[in-house]
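Chemist: Here's a sequence, model it:
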Amino acid sequence: MPTITTNDLEVVFPGSVKDDIIVEELKNGTEIIALKNVSNLETTVTGTAAFVGKGVSNSPVVLESTKKNTPKIVLQNAYFSLSEIKVSGKGSGEVKTNNGIFRNNTFTGGKKNDSVSFKGNSIVNNNKFNLGKGGDSITFSKATTFKGKTTINLVPGGKDFVKFGKNLKTQKGSVLIKNFERKDILKVGKKTVDYNDIKNGDQIPGIEIRLA
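Modeler: Model (predicted):
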């Protein structure tokens, strides 16, 4: 299959979509521009990469980290779905979604301090986030809308931080946080919740929390 390599990434794609994407190397990273809805891209990121334009599906992304390098993928296209984003190597990875729909995906963290964030009016629909052993963070803006079931697995290990905006929109979905440990922190708006709060019966509407 055709392959394009830049200083930030390598993307392998079917010949059938070669006229539907443009890979453009910029000063602050590389953009993969989807001119039409595309699928079956395989992207390995070592620098900063972004998906822009139309939707992308069935397209795994590997953030290939080192101790000194944190690769970053920015999703600012119409939707990203049915895919896995995975952090490999000995370092950290960063995922950032600007608006758009994040649907039926799995995030698998690495060994260090990974970061996942949703900005703007992102729609989070039926995803699984398996954070790694490091001190990871996952944040959702106050305008994030949840649909389907969102599962956040705080893998036992480092001090994890989960943050939601003050207007938690879960009317059409649910959020489950698993393996919440003593050193983990949950913040919803201005309210901060820790392990003892949950153990003593504190509840957050729209979020189910299971202690480690």
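
Chemist: And the lowest-mean-pLDDT helix or strand in the chain, what does it pack against?
Modeler: Ranked by mean pLDDT, DSSP states H and E, the weakest helix or strand in the chain is strand 169-180, scoring a mean of 84. Here strand 169-180 touches strand 145-153, strand 207-211, going by 3 or more C-beta pairs under 8 Å, 6 or more residues apart in numbering; DSSP states H and E. C-betas here are computed from N, CA, C, even on glycine.

Chemist: okay, those, which one's buried deepest?
Modeler: strand 145-153 (a mean of 19; mean count of other C-beta atoms under 10 Å).

Chemist: Please state the mean pLDDT value computed over the next helix or strand after that strand.
Modeler: Sequence-wise, the next helix or strand downstream of strand 145-153 (DSSP states H and E) is strand 161-164. Mean pLDDT, strand 161-164: 96.

Chemist: Ok, stretch 123-143 next?
Modeler: 94.

Chemist: which of the residues in it are buried?
Modeler: 123-132, 134-141 (16 or more other C-beta atoms under 10 Å).

Chemist: again, but for stretch 17-34
Modeler: 17, 20, 21, 23, 29, 30, 31, 32, 34.

Chemist: Closest one to residue 6 out of those, please.
Modeler: residue 30 (4.6 Å; C-beta to C-beta).

Chemist: hang on, the earlier thing: could you list the paired strands of the least confident helix or strand of the chain along with their orientation?
Modeler: strand 145-153 (parallel), strand 207-211 (parallel) (DSSP bridges).

Chemist: Good, we can wrap up now.
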